[in-house]
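S.K.: turn this into a model:
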Amino acid sequence: MSDLNDPHLLPLWRAIKSRLIDTGELAKVRTVRVELSTAGLARLNGWFAQSRAARLSAINGWVRVPLDKIAAALGPETDLHTILQETVGLPDEVQPRLRLQTMKADFWNSAEIRLPKTPALVHYLRIGGLTDTTLEQRGRLINALARAHDLLPLQRPVPLPRLAYYCATDPHYFDFKSPGNGSKLVLLAAELLGENAIVARTPLERFHLLTRCGIVPDRISSTVIVLGIDAVGQSPIDDVVRQARAAPRPLHLSLYDLTMNPPIFSNAETVHVVENPSVLEEALIRRYRGPLACTSGTLSAVDHCFLQKLVDDRVPIVYSGDDDPTGRGITRTVYNRYGADPLIVGSSPDSDSANDSPIYQEDHRILGALLGVDSNDPLGVSQQ
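M.R.: Presented below is the predicted three-dimensional model:
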């Protein structure tokens, strides 16, 4: 249109330019409110008449103009960015945003092509957004997931670090600890198996989901420590458990032990499960002979597997954690999921409110409740 440069329409172009700078993209601008002269409003309504759009009216000289009506009136061959550039000019800072929008569209189109069997995963990643500073990082993630996508399920089991190295040249790339991308790999595996990702809520559930695809997470170095626990089965691990009880000495049971050659634990005695290894150290010093196990803090896959094994073998469980927010959260998990009785000293671990002075397992009261009172304990007085 030859009348795009009509000076009476300059306020309209300036208003659209201002909103574009504020939002970064025209798609986010639905209407603009602008003060137009009678001649400017007439010119605008003349365009709308040609496209059969409803006429606009002014209130105290101000007009609300929908951008979709302008686009329809100008026709598909006319680009609004070009009009703004030629009439009122666009600042340089808008241009990178426009390029980024194009890059985003190209990026996600490519991701959909490279991950054709996992549209839900692509949608999840897309919700996380994309900026010029995360574009390279996200690109590497898509590349790694795409390589895994084309391989899974594997013809034979492969350790997780080997797969991560193959897919991203970094054996820790799919770690579950920050800043690893293990959760994204779980989403990929779940969708490829036709499962909802909610089935992998715990570390053990993630372990089982990945192994179904042939991916073997760490099952050797992660262990649960036991002391004085008895076993009644006939597997090689049962013999090891019995030998450790007879010694007596602490025994590290790995996830490999518990999944490949699971022992059958004796249910003749209640097993006290604790959070901190220092409790087992104190038990050794006191020559305590009752069955104990230690999860070493936050529950990992091996801890979940061990606790479930106790449940399967009908072993009564009493759990004792630190009386702080984290400890109470672990206690609730063990109680809700595995039916363990909480050892309550001083205050209820079911409470979310922090004590003025949290009680940790090294406290002589908790040790006394777990291991019995030691009259020779040099620290067996209330800590100040």
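S.K.: tell me where the stretch 151-300 of the chain has helices.
M.R.: Counting by DSSP state H, counting those that start in this stretch, the stretch 151-300 of the chain has helices at residues 160-168, 182-192, 203-212, 236-246, 255-260, 277-286.
S.K.: which among these is found nearest to Thr331?
M.R.: helix 277-286 (14.5 Å; Cβ to Cβ). Just so you know, the C-beta spots here come from the backbone N, C-alpha and C atoms, and that holds for glycine as well.
S.K.: return the set of buried residues in that closest one.
M.R.: Across helix 277-286, burial judged by 16 or more other Cβ atoms under 10 Å covers Val279, Leu280, Glu282, Ala283.
S.K.: and the nearest residue to the third one once chain neighbours are set aside, helix, strand or coil?
M.R.: Read it as Glu282. Sequence neighbours aside, Leu367 is the residue nearest to Glu282 in space, at 5.7 Å (criterion: Cβ to Cβ, 6 or more residues apart in numbering). Following DSSP: H, G, I helix; E, B strand; the rest coil, we place Leu367 in the helix state.
S.K.: tell me the pLDDT at Leu367?
M.R.: pLDDT, Leu367: 91.
S.K.: I figured it was touching Leu280, is that so?
M.R.: No: look at Leu367 against Leu280 with Cβ atoms under 8 Å: they stay out of range, at 11.1 Å.
S.K.: mind listing the strands for this protein?
M.R.: Listed in chain order, the strands of the chain (DSSP state E) span 31-35, 62-66, 158-159, 215-216, 223-227, 251-254, 271-274, 292-294, 317-320, 341-342.
S.K.: turn these into a markdown table, including mean neighbour count and distance to Asn261.
M.R.: A markdown table is the format used below for the strands of the chain (neighbours: other Cβ atoms under 10 Å; distance: least, Cβ to Cβ, whole Å):
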| stretch | mean neighbour count | distance to Asn261 |
| --- | --- | --- |
| strand 31-35 | 17 | 70 |
| strand 62-66 | 15 | 71 |
| strand 158-159 | 15 | 19 |
| strand 215-216 | 22 | 16 |
| strand 223-227 | 23 | 14 |
| strand 251-254 | 19 | 10 |
| strand 271-274 | 26 | 20 |
| strand 292-294 | 24 | 18 |
| strand 317-320 | 22 | 22 |
| strand 341-342 | 16 | 29 |
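S.K.: want to throw those into TSV with distance to Leu187?
M.R.: Shown next, in TSV, are these (distance: least, Cβ to Cβ, whole Å):
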stretch	distance to Leu187
strand 31-35	39
strand 62-66	40
strand 158-159	19
strand 215-216	13
strand 223-227	27
strand 251-254	27
strand 271-274	31
strand 292-294	32
strand 317-320	31
strand 341-342	34
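S.K.: need those in JSON lines with mean pLDDT, can you?
M.R.: Conversion of those to JSON lines gives the following (pLDDT from 0 to 100):
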{"stretch": "strand 31-35", "mean pLDDT": "89"}
{"stretch": "strand 62-66", "mean pLDDT": "89"}
{"stretch": "strand 158-159", "mean pLDDT": "96"}
{"stretch": "strand 215-216", "mean pLDDT": "95"}
{"stretch": "strand 223-227", "mean pLDDT": "96"}
{"stretch": "strand 251-254", "mean pLDDT": "97"}
{"stretch": "strand 271-274", "mean pLDDT": "96"}
{"stretch": "strand 292-294", "mean pLDDT": "96"}
{"stretch": "strand 317-320", "mean pLDDT": "95"}
{"stretch": "strand 341-342", "mean pLDDT": "89"}
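S.K.: nearest to Leu41, of those?
M.R.: Comparing the strands of the chain by their distance to Leu41 (Cβ to Cβ), the top pick is strand 62-66, with 6.0 Å.
S.K.: how about low-confidence regions in the stretch 101-250 of the chain?
M.R.: 101-103, 131-133 (pLDDT under 70).
S.K.: give me the buried positions along stretch 207-216.
M.R.: Here stretch 207-216 shows Phe207, Leu209, Leu210, Thr211, Cys213, Gly214, Ile215, Val216 as buried, counting by 16+ other Cβ under 10 Å.
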